[in-house]
Each structure stands twice: as structure tokens, then as C-alpha cells.
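**Q** Provided below for reference: sequence and predicted model.
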Amino acid sequence: MSNDAEAPAIQRRGLMLVLSSPSGAGKTTLSRQLLENDSQIRLSVSCTTRAKRPGEKDGVDYKFVDTATFSGMKERGEFLEYAEVFGNYYATPRAPVEAALTAGRDMLFDIDWQGTQQLERSSPNDLVKVFILPPSNRELIRRLVTRAQDPSDVVAQRMAKAADEMSHWAEYDYVVVNRDIATSLTNLKAILTAERLKRTRQVGLSEFVKALREGR
């Protein structure tokens, strides 16, 4: 009689999936759809000193703090990474991420190349880096303008910074050109599946194979 149904799941260490891109490349939309389609991954909620945008919720989209609170958390070593972007500070809280990885849960990070470099220094073996590119410069401008969340001067700043941000694409493990959301989402799911199956992340694999060899 087969005991396959009673075999325990192989314990796996969680991974840190980073999505980076210039503003307007579709990273936020892809992040939200990935979270809706995959129950094994959760968003790492960053701290930020910037003001809330319409529809954003504290503790869900970001943890909104003032500059003094942010500085105190940084001094106490409570961040895995932090960066200044357009005059505001962003950071990844350390404790919830480390707890999730140990429990075998994956964490999604919506951060820029500066934060990604810091994460790579602190947690290189847990990191999977994906860079999202727009299909063209014209499309990037169109998306920024039609998004209508930022004033025109901020849109101009984001376009000016896009070239510098895109110059870091070669630092990433994977690059996805976001021509359409559905195809890009399929590509992200494929990346996740492959990375989850890596031998080094399946920390319970040794015991599982041992049981197989012993006929248990």
C-alpha cells in the first residue's frame, strides 16, 4: 500500500523576490496581480516618509512614518535596506522578513536598485532579482502621464531619472520587458516556480531523500 498521501511536505526556506523598474514600467500592477494569483507570496510592507497617495492605507501599502521615527529605526538597525528617492526615505523592516523566510514564506519587494544592492549584501542567498523594462520610451512617457497621480514636475523628474535606473538592469538575475501585463505575469510565475525548486532552498530535501532510501 502506498503511503504517499501521508508523506510530509518538503520544508523549504522562503525567498525574497525583488521587482525593480523605472516609474511607469508596470511594476506596481505586476506586483498586485502576482499577490492576487499566488497565495505563497506576501508583500514586504516598506516604511516611508512620503505622504500617502489617494487610496493608500497605512500598514497595507506602506507603513507611513515621520522622518524622526524613520531615523530612530535606522539607528537601531531595524532595516534590511533603506534609500532616499525624490526627497523621501524608504526602507524594509528586518524582523517580519526574517520570520517569513524561516517559516518558508516568500516575500515580494517593490524597491529600487539601491535597495536591491543593500539586500544583496545582507541576504544574497535568499534574493531573486527581476528588473522590469518598458517596451519603449514613448510608452513609458504615456504611462506616466496617464497615471495622473503625480504633478507634471514630478513626472519630468521621473523621466529624467529613468535612464539612470535602467542602466542597472545587468545587476539583476532576470529581465522582463513589460509589453503586456498578462505575458509578464506568466513570466514572473515561471521565475518563481523555478526558484522555489532550487535544491539549496529545499532545506528538508535531505531528510526526504533519506526516508526514500530507507524505504520509509
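**A** Cool, got the structure.
**Q** list the buried ones in stretch 153-165?
**A** 155, 158-159, 162, 165 (16 or more other CB atoms under 10 Å). From N, CA and C alone the C-beta is placed, and that goes for glycine too.
**Q** mean confidence for stretch 133-140?
**A** Averaging pLDDT along stretch 133-140 yields 82.
**Q** tabulate the CA atom coordinates of that stretch in CSV.
**A** Taking Å, rounded to 0.1, in the frame of the first residue of the first chain, the C-alpha atoms of stretch 133-140 are listed here in CSV:
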residue,chain,number,x,y,z
LEU,A,133,11.6,47.3,-18.5
PRO,A,134,9.0,49.3,-20.5
PRO,A,135,8.6,48.3,-24.2
SER,A,136,9.7,51.8,-25.4
ASN,A,137,10.5,55.3,-24.1
ARG,A,138,7.3,56.6,-25.7
GLU,A,139,5.2,54.0,-23.9
LEU,A,140,6.9,54.9,-20.6
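**Q** can you give the contact residues for it?
**A** With CB atoms under 8 Å, 6 or more residues apart in numbering as the test, stretch 133-140 has contacts from 21-22, 24-26, 143, 159, 162, 166, 169, 175-179.
**Q** which of these has the most neighbours?
**A** When neighbours are taken as other CB atoms under 10 Å, the top entry among these is Ala25 (27 neighbours).
**Q** coming back round to it: which of the contacts of stretch 133-140 fall in strands?
**A** 175-177 (DSSP state E).
**Q** ok so, going back, which one of the contacts of stretch 133-140 sits closest to Gln202?
**A** Proximity of the contacts of stretch 133-140 to Gln202 (CB to CB) peaks at Val176, which lies at 25.0 Å.
**Q** need the pLDDT of the closest one.
**A** 96.
**Q** surely it and Lys189 touch.
**A** No. Val176 is beyond contact range of Lys189, at 11.2 Å (criterion: CB atoms under 8 Å).
**Q** rewinding a little: of all the ones in strands among the contacts of stretch 133-140, which comes closest to Phe109?
**A** Closest to Phe109, out of all of the ones in strands among the contacts of stretch 133-140 and judged by CB to CB, is Val176, at 15.2 Å.
**Q** what residues does the closest one make contact with?
**A** 130-133, 184, 187-188.
**Q** same question for Ser31.
**A** 19, 43, 108, 110 are the contacts of Ser31 under CB under 8 Å, 6+ apart.
**Q** again with Ile141
**A** Contacts of Ile141 by CB under 8 Å, 6+ apart are 24, 159.
**Q** what helix or strand does it sit in?
**A** For Ile141, the host element (DSSP states H and E) is helix 137-147.
**Q** list the buried ones in that helix?
**A** In terms of neighbour count (16+ other CB under 10 Å), helix 137-147 has its buried residues at 140-141, 143-144.
**Q** which residues of this protein score low on pLDDT?
**A** 1-7, 145, 147-150 (pLDDT under 70).
**Q** just say helix, strand or coil for the residue most central in space within the chain.
**A** When the chain is reduced to its mean C-alpha position, the nearest residue by CA atoms, centre = their mean turns out to be Phe109, at 2.1 Å. Secondary structure, DSSP: H, G, I helix; E, B strand; the rest coil: Phe109 is strand.
**Q** test my guess that it contacts Ser123.
**A** No. Using CB under 8 Å, Phe109 is not in contact with Ser123, being 10.7 Å away.
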